[in-house]
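>>> Predicted structure and sequence below. I'll ask about it afterward.
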Amino acid sequence: MPRRLAIASPVVVLVAVILLAFVSGQSAPPLYSAPDGPAIRPWINTDDRAAVIEAFTHWYGAPQPEVAWTGAYQGCSPGDSSDLLREATIDRVNFFRAMAGVPAAVQEDPGFSELAQAGALMMSAEGKLSHYPDHDYQCFTSDGELAAANSNLYLGRTGPWAVDGYIEDPGDKNVDVGHRITILHPPTTRMGVGHVAGDESRYPANVLWVFDDDVFDKTTNVREQSGFVAWPPRGYVPGELVYPRWSFSLSEADLSAAELTMTANGEPIPYSIVARLSKEGEVPSSVLVWEPSQSVMQATEDITYTVSISGVGVPLSSGVDLAALALVDQREPSDRLERFRRENPDREQADSANQSYETMTFSYEVTVLASSEGGLRSAVMAALEPASDRARSVVDSGRSRLRSIGL
């Protein structure tokens, strides 16, 4: 996710290492065809329970395509991955964006994908993720280095399955859910996708380039009139997509004094706030992240949670011409590692202490659909495992959810 992502600290890092499992002997999956069922543009109406269930089962119903990698570790050839897998990856990005209420109009940028492919080879060959890889990384190239600084990174997952992992954003180094909020960043219109299949001794890899030239566009509409983006989002949400970390993000907001309450059926739900980031003139947005103590994954009936966040400072005037913000040339060597510094070059001259804020309260309801509803669990579990004769996954021994390594 940029700081990131690993998303680390100027970027964030999804790192969860653990046990390897190999799946073999599976037959080739049917060809993937981009689902043409329920419309999701510009976003899904999450007030419509039936529409959410239909969209979820449809978009999770197609099997994950093979990587079909054409490159090679010997000679460090990046090659390419399946058009179908890259298409399915962007489809999954747009599904989550549609659920979150941001424009589901992201398209693949071939130039970004070429760079991401070089990055995927580096990560898989080295067997380690970094947004700032050393020059002694196996198969190191300047293109791969640039991709590492501008992308979400995953070892052990490819395609839509990797996108699922970015949205979950587990691990102690990903408490600010940087991977999640860059995928759900409203203005983004172009991303790049790179994949490497891995082999008996190397992980498969996904690199998802997430920063395009539109990241500072302030004109993008979102579904929520008050402008926030949350996961899980307001409205109906399949239980399989409600992860342990909940998040609320709002561009330019001051969340330093924000207070959270969460209830279900009028009863308070205990929680722990794990991240609180307030950012001006930077991407991704300010974000509040918390972990409810009550698991909603195995609910046998719909449960409605009410979330209220008070004390949110919303700038009346930023004092900065955001429209004038410009991304540095992403191919400029001197700036290629400043991935998370997507900010106004003159930002230090803007005294945030003089900023004027209006204090606001944001309240919304999330209805978590029972996991068994409409065959949701069987649909999602079928989609989680890539249909590959050499698929590998990492299982966190502390939780039942499948996991691999991501940054």
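Perfect, thanks for sending it.

>>> Asp143 versus the nearest residue to Phe211 once chain neighbours are set aside, what's the distance?
Using CB to CB, 6 or more residues apart in numbering and skipping residues adjacent in sequence, the residue nearest Phe211 is Asn150, 4.8 Å away. Placement of C-beta: from N, CA and C, glycine included. Noted for Asn150: a distance of 11 Å to Asp143, by CB to CB, to the nearest Å.

>>> Find the residues that touch each one of those two.
The contact sets of Asn150 and Asp143 overlap at Leu115 (CB atoms under 8 Å, 6 or more residues apart in numbering).

>>> More neighbours: those two, which one.
Asn150 (32 against 19; other CB atoms under 10 Å).

>>> Would you confirm that the more buried one contacts Asp213?
No - in this structure Asn150 lies outside contact range of Asp213 using CB atoms under 8 Å: 11.8 Å.

>>> Checking Met262 next. Helix, strand or coil?
strand (DSSP: H, G, I helix; E, B strand; the rest coil).

>>> Tell me which residues touch it, please.
268-269, 271, 290, 292, 305-308.

>>> Spatially, which residue comes closest to it, not counting chain neighbours?
Nearest residue to Met262, sequence neighbours excluded (CB to CB, 6+ apart): Ile269, at 4.4 Å.

>>> Then Pro110?
In space, Pro110 is closest to Gly192, 7.8 Å off (CB to CB, 6+ apart).

>>> Identify the bridge partners of that neighbour.
Beta-bridge pairing for Gly192 (DSSP bridges): Trp209.

>>> how close does it sit to Thr304?
38 Å.

>>> For these two, indicate the residue with more neighbours.
When Gly192 and Thr304 are compared for neighbours, Gly192 comes out ahead with 27 against 12, by other CB under 10 Å.

>>> The more buried one contacts Glu108, doesn't it?
Yes - shown here, Gly192 and Glu108 form a contact pair, counting by CB under 8 Å, at 6.7 Å.

>>> got a list of what the residue nearest to Met262 touches?
262-263, 292-294, 305.

>>> Out of these, which end up buried?
262, 292, 305 (16 or more other CB atoms under 10 Å).

>>> Strands of the stretch 1-150 of the chain, residue ranges please.
Counting by DSSP state E, counting those that start in this stretch, the stretch 1-150 of the chain has strands at residues 19-24, 107-108.

>>> which stretch in these has the least confidence?
Note on the strands of the stretch 1-150 of the chain: strand 19-24 shows the lowest mean pLDDT, a mean of 26.

>>> before we move on, what SS does the residue nearest to the spatial centre of the chain have?
In the chain, the centroid-proximal residue (CA atoms, centre = their mean) is Arg180; its distance is 3.1 Å. Three-state assignment for Arg180 (three-state DSSP): helix.

>>> Starting from Val283, give me the distance back to it.
Distance, Arg180 to Val283, using CB to CB: 14 Å.

>>> Next up, the contacts around Ser251.
So Ser251 contacts 218, 227, 285-286 (CB under 8 Å, 6+ apart).

>>> thinking again about what came up before, what's the spacing between the residue nearest to Pro110 and Thr57?
As judged by CB to CB, Gly192 and Thr57 stand 29 Å apart.

>>> what do you get for Ala116?
From Ala116 to Thr57 the distance is 29 Å (CB to CB).

>>> mind checking how far stretch 138-148 is from the chain centre?
Taking the mean of its C-alpha atoms, stretch 138-148 sits 21 Å from the chain's own mean (CA atoms, centre = their mean, to the nearest Å).

>>> Run through who's touching it.
By CB under 8 Å, 6+ apart, the surrounding residues in contact with stretch 138-148 are 73, 76, 78, 114-116, 118-123, 125-126, 130-134, 137, 192, 194, 207, 209, 330-331, 333, 336-337.

>>> same question, stretch 93-105
Contacts of stretch 93-105 from elsewhere in the structure, counted by CB under 8 Å, 6+ apart, are 40-44, 46, 52, 55, 59, 106, 163, 167, 183-186, 189, 191, 208, 220-224, 229-231, 233-234, 237, 241.

>>> before we move on, what SS does Ser310 have?
strand.

>>> quick one: contacts for it?
Ser310 neighbours (CB under 8 Å, 6+ apart): 258-259, 261, 359, 361.

>>> swap in Val207?
116-117, 119-120, 123, 147-148, 151-154, 192-195.

>>> Okay, and it sits in which element?
strand 205-209 (DSSP states H and E).

>>> buried residues in the following helix or strand past that strand?
Using DSSP H and E, the helix or strand that directly follows strand 205-209 along the chain is strand 229-231. Across strand 229-231, burial judged by 16+ other CB under 10 Å covers 229-231.

>>> Glu252: which of those residues is nearest?
Among the buried residues of strand 229-231, Val229 lies closest to Glu252 (CB to CB), at 12.9 Å.

>>> Surely that closest one and Ile181 touch.
Yes - in terms of CB under 8 Å, Val229 counts as a neighbour of Ile181; the distance is 7.5 Å.

>>> List the residues that are in contact with both of the two.
Here Val229 and Ile181 have 249, 285 as joint contacts, going by CB under 8 Å, 6+ apart.

>>> ok, Asp217 - contacts?
Pro187.

>>> For Ala72, list each beta-bridge partner.
Here Ala72, judged by DSSP bridges, has bridge partners Ser77.

>>> Double-check Arg276 against Ala253; I have them as touching.
No - Arg276 is beyond contact range of Ala253, at 10.7 Å (criterion: CB under 8 Å).

>>> which of the two has more neighbours?
A direct count of neighbours by other CB under 10 Å for Arg276 and Ala253 places Ala253 higher, at 27 against 17.

>>> so what's that one up against?
Ala253 is in contact with 278, 285-286, 312-315, counting by CB under 8 Å, 6+ apart.

>>> What subset of the contacts of Ser310 is buried?
Ala258.

>>> right, and the pair among the contacts of Ser310 with maximum separation?
Thr261 and Thr359 (15.8 Å).

>>> pLDDT weak spots in the chain?
For the chain, the stretches with pLDDT under 70 are 1-37, 39, 280-282, 294-299, 317-355, 371-406.
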